[in-house]
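>>> Pasting a predicted model and its sequence here:
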Amino acid sequence: MEQKKVKSELVVTIKDKKRPRFKAGTELADKVNLVAIEVDEETTEDTESLFLSVHIQRSASVAALTAAE
């Protein structure tokens, strides 16, 4: 039986750029960044499929400004 060498490669690059601003120590404690990655690879006799899901979530507590300010 003949052996075949198979190589598969997927490169995903994500770049996010924001303007820096001063952050007080208490403000830094309220920021959360979450990343979830799910990969599902399936191979049959005549097909190969790859499912890649990347979920990036950012949250921060922000003080609300009132009309008087």
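Sure thing, it's come through.

>>> In three-state terms, how would the closest residue to V39 other than its chain neighbours be classified?
Spatial nearest neighbour of V39, chain neighbours left out: L52 (5.6 Å); criterion: Cβ to Cβ, 6 or more residues apart in numbering. For the C-beta atoms, the positions are set from N, CA and C on the backbone; glycine is no exception. Secondary structure assignment for L52 (DSSP: H, G, I helix; E, B strand; the rest coil): strand.

>>> For L52, give me its contacts.
10, 12, 37-39 (Cβ atoms under 8 Å, 6 or more residues apart in numbering).

>>> Can you lay out those as a markdown table showing secondary structure?
Below are the contacts of L52 laid out as a markdown table (three-state DSSP):
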| residue | secondary structure |
| --- | --- |
| L10 | coil |
| V12 | coil |
| I37 | strand |
| E38 | strand |
| V39 | strand |
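
>>> From those, keep the buried residues only.
Among those, none scores as buried (criterion: 16 or more other Cβ atoms under 10 Å).

>>> Tell me the one among these nearest to S61.
I37 (25.8 Å; Cβ to Cβ).

>>> Which pLDDT value goes with the residue lying closest to that closest one once chain neighbours are set aside?
Leaving out its chain neighbours, the residue that sits closest to I37 by Cβ to Cβ, 6+ apart is V54, at 5.5 Å. On the pLDDT scale, V54 is placed at 87.

>>> V54: neighbouring residues, count only.
V54 has 11 neighbouring residues, counting by other Cβ atoms under 10 Å.

>>> There's contact between it and I14 in this structure, I believe.
Yes: counting by Cβ atoms under 8 Å, V54 does reach I14; the two are 7.5 Å apart.

>>> So which residue is smack in the middle of this structure?
For the chain, I56 is the residue whose C-alpha lies nearest the centre (Cα atoms, centre = their mean; 3.7 Å).

>>> Dump the contacts of L52 into CSV; add pLDDT as well.
Putting the contacts of L52 into CSV (pLDDT from 0 to 100) gives the following:
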residue, pLDDT
L10, 75
V12, 78
I37, 89
E38, 90
V39, 89
